[in-house]
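Q: Whatever this is, show me its structure:
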Amino acid sequence: MDYKLIAVDIDGTLTNSRKEITPRTRHALLEAQARGKRVIIASGRQPRGVYPIAQDLMMERYGGFMMCYNGGKIISCETDQTILTRLFPREYLSDIVGVLKDSNITMMTFDDKKIIADKKVNDYTMVESEICKTEMVTYDDFVAAVKFDFNKILLAGEPLELDHYQKILRSRYDGLLDICKSAPYFMELMPLGISKGSMLPLLLEKLNISREELIAFGDNYNDMTMIGYAGMGVAMGNGEEEIKKIANYVCESNDEDGVAKTIEKYVL
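A: Numbering: from 1, shown residues only. Now for the predicted structure:
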């Protein structure tokens, strides 16, 4: 198959355990783009956390795309314009705060420049800020602070406590929101039906490219729909076992240049 699109998650996939893109992986993606392939960075991150990677891979030159917030916002690297976006339903915000009031879980969302968080700081609260190199501002009244449109809510906390509240939130918002973990200590709350796998078909339709021409890489639960949708879904060797079960191919880990080796084998 002549794969025309490469969709790749960032953390645990494109970057290694040190949050770096290795020279081999960068070269493989640059070579693929030079041969006419287009790259989609598909991440739960906010745009500010994706821009540096897109620039490093010269995606503005080759017409790539940033799929941020797990598909909640898709931006053209060439024009820097948002071409698709889906907003979080604000009417659930106060109720979610109430559900989490007795927990130690930090609640966060994002405006164009910074991370907005509540005051319940834990060991994982600053991880997102450090990864995305973005300032975090905390507020006593989270609901009052969020006066802007936003695409997702991110929860950070101890893995076992997140698992407990994931069950509660999924039951409470069944048929209203999509909820999944993107790391043991992160949980994503998204508008219903918004995922990497649900938004990719809309982008591919605009590009007149079939799903069979898409190869997608991921490692965690928020990558599952994307891997299931792609003509060739690739799970990282370091990925969750459930992801590996639905993938067409399991490559080497993110510390073993799994993305690069697969592109060299199947794309170049």
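Q: Please count neighbours and contacts with C-alpha atoms only from this point.
A: Will do.
Q: for Leu202, helix, strand, or coil?
A: Secondary structure assignment for Leu202 (DSSP: H, G, I helix; E, B strand; the rest coil): helix.
Q: what about it, neighbour count?
A: 12 (other C-alpha atoms under 10 Å).
Q: Look up how far Met107 lies from it.
A: Distance of Leu202 to Met107, given as C-alpha to C-alpha, to the nearest Å: 30 Å.
Q: And Gly233, by the same measure?
A: Relative to Met107, and taking C-alpha to C-alpha, Gly233 is found at 31 Å.
Q: Tell me the strands beside the one helix or strand Thr138 maps to, with direction?
A: Secondary structure from DSSP states H and E places Thr138 in strand 136-139. Strand pairing for strand 136-139, determined by DSSP bridges: strand 115-118 (parallel).
Q: Give the next helix or strand downstream of the partner strand.
A: Assigned by DSSP H and E, the successor of strand 115-118 is helix 127-132.
Q: Show me what counts as buried in that following helix.
A: Buried residues in helix 127-132, counted by 16 or more other C-alpha atoms under 10 Å: Glu128, Ser129, Cys132.
Q: can you tell me which of these lies nearest to Leu5?
A: Among the buried residues of helix 127-132, Cys132 lies closest to Leu5 (C-alpha to C-alpha), at 24.9 Å.
Q: That closest one against Arg48, yeah?
A: Yes. Counting by C-alpha atoms under 8 Å, Cys132 does reach Arg48; the two are 6.6 Å apart.
Q: Counting by contacts, list what the lowest-mean-pLDDT helix or strand in the chain packs against.
A: Lowest mean confidence among the helices and strands of the chain (mean pLDDT, DSSP states H and E): helix 127-132, at a mean of 82. Helices and strands touching helix 127-132, as assessed by 3 or more C-alpha pairs under 8 Å, 6 or more residues apart in numbering; DSSP states H and E, are absent.
Q: What about the closest residue to Leu177 other than its chain neighbours, how many residues nearby?
A: Among residues not flanking Leu177 along the chain, Leu192 sits closest, at 4.2 Å (C-alpha to C-alpha, 6 or more residues apart in numbering). By the criterion of other C-alpha under 10 Å, Leu192 has 16 neighbours.
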